[in-house]
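J.: show me how the following folds:
(one chain, ligands or ions: 1)
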Amino acid sequence: SPIDKAKYVAAKRAADYVEDGMRVGLGTGSTAAWLVRCLGEQVRDGGLRFKGVPTSTRTADLARDVGIEVISLDEAKWLDITIDGADEFDGDLNLIKGGGGALLQEKIVATASDQMVVIADIGKEVEHLGAFPLPIEVIPFGWQTTQALVEETLISMDVLGRQSSLRMNGEQAFMTDEGNYILDLHLQRIGNPRQLALVINQMPGVVENGLFIDICDAVVIGYGDGRVEIRD
Ligand code: DER
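T.: Numbers count the residues shown, from 1 in each chain. Below you'll find the model as predicted:
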């Protein structure tokens with residue numbers, strides 16, 4: 001499909017950023033999966049040598065499957081670059097991430113990197129963040145109280161919608177790699193993402209939110225016709 005092609009060409013172009021000896025944060029999601037496959041091919045066929053730090057168990061499994069040497073963030077300490085997808089990016093290269101439920105490790109790994117590059121199909125570009133429901137990670141203890149507190153706080157924030165929902169995995173609550181829950185906030189439009197990110201993370205029970213503010217350095221945008229554009 002054109003979207004798959006767009007994701008692939010963005011991932012392939014971003015793979016060029018990875019050089020021998022680098023420690024690389026490997027993102028999570030379908031676009032990041034293309035990156036991991038492209039890098040695996042370069043390791044197997046091109047002799048590329050680097051160490052990968054995954055942002056989820058599923059990325060770790062895929063990376064090992066394609067022949068990438070996987071190490072932990074603790075072993076790497078700092079990273080040269082992280083390449084990851086996004087659910088939305090705006091004109092300031094601020095992001096909404098977490099559609100795949102890996103936002104906590106993704107944000108930790110991205111923040112530990114000298115450079116963060118997002119790979120995305122053009123459909124992810126927005127004028128204002130918020131059409132995509134904002135994922136926040138909360139601990140299971142008292143999650144419904146946390147949810148009520150978050151919704152109450154949203155009343156005083158510059159957002160259009162205030163509903164939130166517990167992310168499900170079939171009949172069960174979705175669980176992150178850390179065993180936490182995800183609440184998706186249906187805000188429709190976020191007027192002040194920087195302020196919202198700060199306020200949300202102050203609330204007891206909230207572990208992290210999917211707003212990536214001043215973290216992304218460049219976006220590699222893929223189009224369905226195979227074109228690639230770089231925003232930085
Ligand atoms: O969960 C995440 O943050 C992913 O990176 C997500 O935002 C992008 O997933 P996609 O590449 O499958 O659209």
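J.: can you show me the helices along this protein?
T.: With DSSP state H as the criterion, the chain has helices at 2-15, 30-46, 57-65, 73-76, 103-111, 143-154, 193-201.
J.: quick one: contacts of the last one?
T.: Under the contact criterion C-beta atoms under 8 Å, 6 or more residues apart in numbering, helix 193-201 has outside partners 90, 94, 129-130, 134, 136, 150, 153, 157-159, 190, 206, 208-209, 211, 213. (C-beta placed from N, C-alpha, C; glycine too.)
J.: are any of those residues buried, and which?
T.: With neighbours counted by 16 or more other C-beta atoms under 10 Å, those contain buried members at 90, 94, 129-130, 134, 136, 150, 159, 190, 206, 208-209, 211, 213.
J.: near the ligand, from those residues?
T.: Among the buried ones among the contacts of helix 193-201, none lies close to the ligand by the criterion of C-beta under 6 Å from any ligand atom.
J.: specify which member of those residues is nearest to residue 49.
T.: Ranked by distance to residue 49 (C-beta to C-beta), the buried ones among the contacts of helix 193-201 are led by residue 208 at 32.2 Å.
J.: need the contact list for that closest one.
T.: By C-beta under 8 Å, 6+ apart, the contact set of residue 208 is 103, 104, 107, 136, 137, 201.
J.: neighbours of the last one, how many?
T.: If you count neighbours by other C-beta atoms under 10 Å, residue 201 ends up with 13.
J.: and it, how far from residue 213?
T.: Separation of residue 201 from residue 213 (C-beta to C-beta, to the nearest Å): 11 Å.
J.: what about the longest strand anywhere in the chain and the ligand, any contact?
T.: The longest strand of the chain (DSSP state E) is strand 113-121. No. Counting by C-beta under 6 Å from any ligand atom, the ligand is not contacted by strand 113-121; separation bottoms out at 7.0 Å.
J.: so that strand versus helix 103-111, what angle?
T.: On the basis of axes from the mean of the first three to the mean of the last three C-alpha atoms, to 10 degrees, strand 113-121 is oriented at 120 degrees to helix 103-111.
J.: how far off centre is strand 113-121?
T.: 9 Å (C-alpha atoms, centre = their mean, to the nearest Å).
J.: what do you get for stretch 210-222?
T.: The chain centre lies 9 Å from the centre of stretch 210-222; the measure is C-alpha atoms, centre = their mean.
J.: so residue 24 bridges to which residues?
T.: residue 52, residue 81 (DSSP bridges).
J.: verify the stated contact: it with residue 50.
T.: Yes. Residue 24 lies in contact with residue 50 (C-beta atoms under 8 Å); the separation is 5.4 Å.
J.: what does the pLDDT read for the residue nearest the centre of the chain?
T.: For the chain, the residue sitting closest to the mean C-alpha position, by C-alpha atoms, centre = their mean, is residue 97 at 4.1 Å. The score at residue 97 is 98. That number is its pLDDT.
J.: residue 85 now?
T.: Value for residue 85, per-residue pLDDT: 98.
J.: could you do residue 122 as well?
T.: With respect to pLDDT, residue 122 scores 98.
J.: low pLDDT regions in this protein?
T.: Across the chain, nothing is flagged by pLDDT under 70.
J.: residues from it in reach of the ligand?
T.: 27-32, 84-87, 97-100, 102-103, 106.
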